[in-house]
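Asks: Take a look and give me a structure for this.
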Amino acid sequence: MEENMTDPDQPSPRRAGRAAAWVIGILLAIILVLFVARNVWHGEELKEDQATGANTADHYRDRSNY
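Replies: Below you'll find the model as predicted:
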């Protein structure tokens, strides 16, 4: 009998690597979608605040952070 036989319950290294790449790709896609969606939301909030005159940036105009 050969000792190089692989366990049939274990995925091949190539298949495991491909699955890991898919998982990482899906996680990166989720992070990217959340980032873009938050930026779009934030841009809409800023536009709305500026249209109503409720610009919070005016509160910090004369203050220095340092």
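Asks: what's near enough to touch the residue most central in space within the chain?
Replies: The residue lying closest to the centre of the chain (C-alpha atoms, centre = their mean) is I31, at 1.4 Å. Neighbouring residues of I31 by C-beta atoms under 8 Å, 6 or more residues apart in numbering: there are none. Using the backbone N, CA and C atoms, a C-beta is placed for each residue, glycine as well.
Asks: That one and I24: what is the separation?
Replies: 11 Å (C-beta to C-beta, to the nearest Å).
Asks: next one: T52
Replies: From T52 to I24 the distance is 42 Å (C-beta to C-beta).
Asks: cool, S12 as well?
Replies: From S12 to I24 the distance is 19 Å (C-beta to C-beta).
Asks: Also R14?
Replies: Note on R14: its distance to I24, by C-beta to C-beta, is 16 Å.
Asks: mind listing what D9 touches?
Replies: So D9 contacts nothing (C-beta under 8 Å, 6+ apart).
Asks: Figure out the helix or strand that V23 lives in.
Replies: helix 13-52 (DSSP states H and E).
Asks: tell me how far that helix is from the chain's mean position?
Replies: 4 Å (C-alpha atoms, centre = their mean, to the nearest Å).
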